[in-house]
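Participant: Just the structure for this:
(one chain, ligands or ions: 1)
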Amino acid sequence: MLTLSHICKSYIHTSNPKSSLKVLEDITLEIKSGDYIAILGTSGVGKSTLLHIIGLLDKPDRGSIWLHDQAVDTLSNKEYTKVRNEMIGFVFQDFKLITDMTVFENVEIPLIYANKLNKHQRRQRIMDVLEQLQISDKERVFPSELSGGQKQRVAIARALVNKPKLLIADEPTGNLDSDITHEILELLQRLHQEEKLTLVIVTHDIEVAERANKVYRLSETGLNLL
Ligand SMILES: Nc1ncnc2c1ncn2[C@@H]1O[C@H](COP(=O)(O)OP(=O)(O)OP(=O)(O)O)[C@@H](O)[C@H]1O
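Facilitator: I've put the predicted structure just below:
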């Protein structure tokens with residue numbers, strides 16, 4: 001589905017633009033359709049950087065990314081954004097919900113960007129996904145009135161509303177207590193099994209790693225399959 005080949009990424013220090021911080025070096029990863037991948041690693045090793053590159057949110061300095069058999073750097077900026085919007089859903093540790101929008105409006109955002117469905121069709125799709133995630137009763141509620149687990153369900157609903165093939169999650173259970181973590185992981189597992197959703201999750205959580213079918217550790221020596 002998506003292959004990263006010999007990826008390198010450095011950041012320029014704003015305080016000293018002449019020096020750079022090498023974060024990823026020669027990373028190769030093949031994500032196959034139907035995979036459930038967990039990526040472990042110590043804090044600051046570059047997991048989020050890697051996830052941003054996998055999710056086409058950021059570009060590597062060197063190396064190539066292949067989507068099926070096409071190198072993504074041959075895509076125009078417009079095509080690149082289209083592929084990302086249609087193919088990939090994102091979930092973050094801090095949910096990233098828009099506070100002055102209701103649950104319904106938050107979930108509607110990717111559909112408005114995709115610009116494929118009319119208002120009536122959008123409503124249908126949003127209610128379907130809210131029902132699937134068992135939060136349809138919160139349709140008109142603002143994020144501040146939701147529990148952490150409910151916020152993450154809304155974030156997952158927003159990530160899924162465009163029916164992506166790949167769901168990328170950066171510490172999705174990092175802000176949740178253990179019961180809610182379990183509930184969210186059950187939900188992701190169900191989506192993986194029933195909807196054939198491909199999952200790539202960065203985590204410190206051993207329960208996530210136990211559920212994945214491939215576990216990688218990112219360290220200074222590279223990305224290694226455990
Ligand atoms: N935009 C940026 N500009 C400069 N340095 C950055 C930037 N983003 C990340 N870094 C640095 O790159 C390194 C890797 O960061 P990254 O967030 O990818 O690590 P991580 O493994 O996800 O960490 P954590 O587990 O703590 O979230 C860190 O040293 C971080 O300070």
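Participant: residue contacts, the most centrally placed residue in the chain?
Facilitator: The chain has I168 as the residue nearest its centroid, 2.2 Å off, counting by C-alpha atoms, centre = their mean. Contacts for I168 (C-beta atoms under 8 Å, 6 or more residues apart in numbering) come out as 51, 54-55, 88-91, 200-201. Every residue, glycine included, has its C-beta placed from N, CA and C.
Participant: What pairs with the helix or strand it falls within, parallel or antiparallel?
Facilitator: For I168, the host element (DSSP states H and E) is strand 166-170. Strands that pair with strand 166-170, judged by DSSP bridges, come out as strand 88-92 (parallel), strand 198-202 (parallel).
Participant: could you give the mean pLDDT of it?
Facilitator: Taken as a whole, strand 166-170 carries a mean pLDDT of 95.
Participant: and of the strands paired with strand 166-170, who's closest to the ligand?
Facilitator: Ranking those by their distance to the ligand (criterion: C-beta to the nearest ligand atom) puts strand 198-202 first, at 6.6 Å.
Participant: now the angle from the helix or strand hosting V154 to strand 88-92?
Facilitator: Secondary-structure assignment from DSSP H and E places V154 in helix 148-160. Following axes from the mean of the first three to the mean of the last three C-alpha atoms, to 10 degrees, one obtains 160 degrees for the angle between helix 148-160 and strand 88-92.
Participant: If you count contacts, what does the helix ranked longest in the chain end up packed against?
Facilitator: If you go by DSSP state H, the chain has its longest helix at helix 178-194. Identification of packing neighbours for helix 178-194 by 3 or more C-beta pairs under 8 Å, 6 or more residues apart in numbering; DSSP states H and E yields helix 148-160, strand 166-170, strand 198-202, helix 206-211.
Participant: possible to save these as a markdown table with distance to the ligand?
Facilitator: As requested, these are exported to a markdown table (distance: least, C-beta to the nearest ligand atom, whole Å):
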| stretch | distance to the ligand |
| --- | --- |
| helix 148-160 | 17 |
| strand 166-170 | 7 |
| strand 198-202 | 7 |
| helix 206-211 | 14 |
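Participant: where along this structure do the strands fall?
Facilitator: With DSSP state E as the definition, the chain shows strands at residue ranges 2-12, 20-31, 36-40, 62-67, 70-71, 88-92, 166-170, 198-202, 214-219, 222-225.
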